[in-house]
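Peer 1: Quick one, structure for this:
(2 chains)
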Amino acid sequence: MPETNMITTIGAEHYLVLSAILFSIGMAGVLLRRNLIVLLMSIELMLNAVNISFVTFSYYSGKVEGQIMVFFVMTIAAAEAAVGLALAVSIFKRFKEVNIRFFEHLKG
Amino acid sequence: MTADVFLFWFLALITVISGLAVVLMANPIYSALCLAMTMISVAAIFVTLQAYFLAGVQIIVYAGAVMVLFVMVLMLFDLKHELQAFTRGRATGALKIASVGILSGLIVGAVTIGLTIAGRSSDEVISAAAAGGVVDTTRGLSEALFLKNIFGFEALGVLLLVIAVGTVALSRSKGGTHARD
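Peer 2: From the prediction side, this is the model:
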């Protein structure tokens, strides 16, 4: 019975599919939302999905290198959030709204 | 149905629902709270994958620092009336959702087909993982981080310094929060 086997036996593919679903949700957020902060949150969602797949491969191959990559991704995510939020604040101070269509006015 | 199977489905459900709520909530504060929920359930998923140290780091860094940063910036703004949270255009919206669906379908298909071609059933992989031993994770993690990947670690330190200086410079520039007059 493959169906019951798929439900009752959790393998690597379950975690990978969960990661793919989370990544797609984040991508939909980036494409569909207009608020800059929600866009940054969606990017964090995608990075988390990537982290899940790194940890899954690390667990199922018995190596720790994947978890090292998760450290790097977390650092990059924190740095990106800091810079993105600083940009959001500077946009909000000028236009009183956090919308991606104001990004074109940031030049110069 | 054993306990860890139930745990996986429970955590997957919470993760997907709160991830969807991040995208669908019109109010950014609710989005931020749902994102914190997602982070915490992702940390719990790390625990089920025996990455205990990473779970702790996930909660501290993401659910702690990054979420506080997000919520603080949201509190700075006055976003009571957010008109038009989503992008305009029905056709382009349908196109975007279709592209997201195609991407997720490609990934899921690649995962299932790839694991079938590799010919390793889940039970073998699980037993291999149990035999290979991801035990003593934190020690192995620190050895791999500080002995093998020390260059990347130092590069991350430099990156964080650059980011800190850049953020301060951005807030001191014209139009920033601490602009010099």
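Peer 1: Excluding chain neighbours, what is closest to residue B:170?
Peer 2: Counting by Cβ to Cβ, 6 or more residues apart in numbering or on different chains, the nearest residue to residue B:170 once its immediate chain neighbours are dropped is residue A:86, at 4.5 Å. The way it works is simple: take the backbone N, C-alpha and C, and place the C-beta from them, glycine included.
Peer 1: who does the longest helix anywhere in chain A touch, helix- and strand-wise?
Peer 2: Longest helix in chain A, counting residues (DSSP state H): helix A:65-95. With contacts taken as 3 or more Cβ pairs under 8 Å, 6 or more residues apart in numbering or on different chains; DSSP states H and E, helix A:65-95 sits against helix A:36-61, helix B:52-57, helix B:67-76, helix B:137-143, helix B:150-172.
Peer 1: The residue nearest to residue B:170: neighbour count?
Peer 2: When neighbours are counted by other Cβ atoms under 10 Å in any protein chain shown, residue A:86 registers 21.
Peer 1: circling back: for residue B:25, which of the helices and strands packed on helix A:65-95 is the nearest?
Peer 2: helix A:36-61 (8.4 Å; Cβ to Cβ).
Peer 1: now the closest one, how far from the centre of its chain.
Peer 2: Centroid separation for helix A:36-61 versus its chain: 5 Å, with Cα atoms, centre = their mean, to the nearest Å.
Peer 1: Run the angle between it and helix A:65-95 for me.
Peer 2: Angle, helix A:36-61 to helix A:65-95, by axes from the mean of the first three to the mean of the last three Cα atoms, to 10 degrees: 180 degrees.
Peer 1: For helix A:36-61, what does the pLDDT average out to?
Peer 2: For helix A:36-61, the mean per-residue pLDDT is 91.
Peer 1: Ok, stretch B:88-107 next?
Peer 2: Stretch B:88-107 carries an average pLDDT of 84.
Peer 1: can you list contacts of that stretch?
Peer 2: Contacting residues not belonging to stretch B:88-107 are listed as A:16, A:17, A:20, A:21, A:23, A:24, A:27, A:28, A:31, A:32, B:86, B:87 [Cβ atoms under 8 Å, 6 or more residues apart in numbering or on different chains].
Peer 1: now the helices for chain B?
Peer 2: For chain B, helices defined by DSSP H occupy the ranges B:3-24, B:28-48, B:52-57, B:67-76, B:90-118, B:122-132, B:137-143, B:150-172.
Peer 1: how much space is there between residue B:28 and residue A:97?
Peer 2: According to Cβ to Cβ, to the nearest Å, residue B:28 stands 12 Å off from residue A:97.
Peer 1: give me every residue that touches residue A:97.
Peer 2: Not one residue lies near residue A:97 by Cβ under 8 Å, 6+ apart.
Peer 1: do you know which of the helices and strands packed on helix A:65-95 lies nearest residue B:9?
Peer 2: Closest of those to residue B:9 is helix A:36-61, at 15.0 Å (criterion: Cβ to Cβ).
Peer 1: Alright, I will stop here.
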